[in-house]
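In: Sequence first, then the predicted structure:
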Amino acid sequence: MKYVLLIFVLVLTGLAANAQLVERPIIIEPKIHMGMNLPFYKALRYLIKDDIYAFDVSVSFPTYGKDYWEKLYRYPRQGVGFSYWSLGNNEVFGKAYVLYTFINIPFFKPAEKFSFNYQISCGGAYLPKIFDIYKDHLDRAIGSHTNIYIHLGIDGKITLFPRCGLVIEAGATHFSNGKTRSPNYGINAGSFSLGLNYIFDNKGATIQDPEIPGFNKRYVQSVIYSAGTKVYDNLYGKKYFVSSVSYNLERIISHKRKIGLGADLSFDGSISEALASEDGTPDKHFEKLIRFGLHTSYAIRYKQLIMEIQIGHYLYSKYTVITRVYNKISIQYLITKNLIGSISIKLHMAKADCLEYGIGYCW
């Protein structure tokens, strides 16, 4: 990871040094995060010993209205970054190294000296220290080296000099492997951040004002098939096949937002272990491994990218020890007008249940 960070810094330096070769201005933004590990489970609370600290450096490109989506989102910034995190107990949880992509969107039209924004960051994290029955049996938070990284932040940017500004942010961060390995309670953090940004601008780009088209279609339907693997909540590491078919009927509120209702039929092979008999024999009856539920959804769209959140309730499930309520967070990409690619994570009581990859059709 030292070499990854070195390469990333060299790339940033090269971009800054050759900004005149890039069509758009470049913004370099280092930040320091200070915060707390926020455990959702009692098994982790007594392990929190220290505050969380992180260093973050990113490169981003402002938008100027190349298409109407950029105007709709008040000319956001898009970019990539690298983060280095402590996790509240160096001996148990260790550190995290993160590569991520993000979009930073103004809440309102930015003023000359100030902007108020929200940021969504997603990426991959590498954690050197993970659960080990012999070396680190206390770490029930993370069971794999590779994990998903999600960061949601709200920030204010204040211009100090013509090309330099101060950044103040409050954010929430999540690390999880989507239950591809166990244990996986995940790590959650709340943080306060300070940073500076500097814009390298040799093109003198100007804001464009593209026309926003109207839309006549008010409803959209979709069917998505998803599949993946997961483990049961023990340390054996056996992987089970999971899959689902989801139908969604959505009402288009605007170019950016949709709300909907839908149904989910899912298969979870790990339930056979959850319903095992007293002698440990798994219950593999198919009717006990399937679930059926109804959900509501809310989705936001930016260009071809869609982020959707669902809240559902199982009408049929033979395994309800945790809860009958489920959530699903998905990122979808419109490959064509009708073809959808999807990555989703399913949760029960804020705990990741499985990670699925899907393909679907919308009309």
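Out: That came through, no problem. This one's a predicted model, so the numbers in the text were calculated from it and none came from an experiment. Numbers count the residues shown, from 1 in each chain.
In: how about the most far-flung residue of the chain relative to its centre, secondary structure?
Out: Distance from the C-alpha centroid of the chain, by C-alpha atoms, centre = their mean, peaks at D279 (40.0 Å). What DSSP: H, G, I helix; E, B strand; the rest coil gives for D279 is coil.
In: E287 now?
Out: helix.
In: Test my guess that it contacts Y319.
Out: No. With contact defined as C-beta atoms under 8 Å, E287 does not reach Y319; the gap is 11.8 Å. (Glycine included, C-beta is placed from N, CA and C.)
In: Compare the two (neighbour count), which wins?
Out: Legend: neighbour count by other C-beta atoms under 10 Å for E287 and Y319, higher for Y319 (16 against 7).
In: give the contact list for the nearest residue to the more buried one once chain neighbours are set aside.
Out: Excluding the flanking residues, the one nearest Y319 by C-beta to C-beta, 6 or more residues apart in numbering is I271, at 4.8 Å. By C-beta atoms under 8 Å, 6 or more residues apart in numbering, the contact list for I271 reads 283, 288-289, 318-319.
In: What of F107?
Out: By C-beta under 8 Å, 6+ apart, F107 lies in contact with 116-118.
In: Please narrow these to those residing in strands.
Out: Members of the contacts of F107 lying in strands (criterion: DSSP state E): 116-118.
In: Just the closest of those to F93, please.
Out: Y118 (27.6 Å; C-beta to C-beta).
In: What separation is there between the closest one and L152?
Out: Computed with C-beta to C-beta, to the nearest Å, the distance linking Y118 and L152 is 7 Å.
In: quick one, domains of this protein?
Out: 2-200, 219-362 (automatic domain parsing).
In: Just give the nearest non-adjacent residue to S58, would you?
Out: Closest to S58 by C-beta to C-beta, 6+ apart is G81, at 3.2 Å.
In: got a list of what the one you found touches?
Out: 29, 56-59, 98-102, 121.
In: So which of those residues belong to strands?
Out: Per DSSP E, the contacts of G81 map to strands at 29, 56-59, 98-102, 121.
In: As a markdown table, those with pLDDT, distance to Y134 and neighbour count would be great.
Out: As requested, these are arranged in a markdown table below (pLDDT from 0 to 100; distance: C-beta to C-beta, whole Å; neighbours: other C-beta atoms under 10 Å):
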| residue | pLDDT | distance to Y134 | neighbour count |
| --- | --- | --- | --- |
| E29 | 97 | 42 | 22 |
| D56 | 95 | 34 | 22 |
| V57 | 96 | 36 | 17 |
| S58 | 97 | 38 | 25 |
| V59 | 96 | 41 | 18 |
| V98 | 97 | 27 | 23 |
| L99 | 97 | 30 | 17 |
| Y100 | 97 | 32 | 19 |
| T101 | 96 | 37 | 14 |
| F102 | 97 | 38 | 19 |
| S121 | 97 | 35 | 23 |
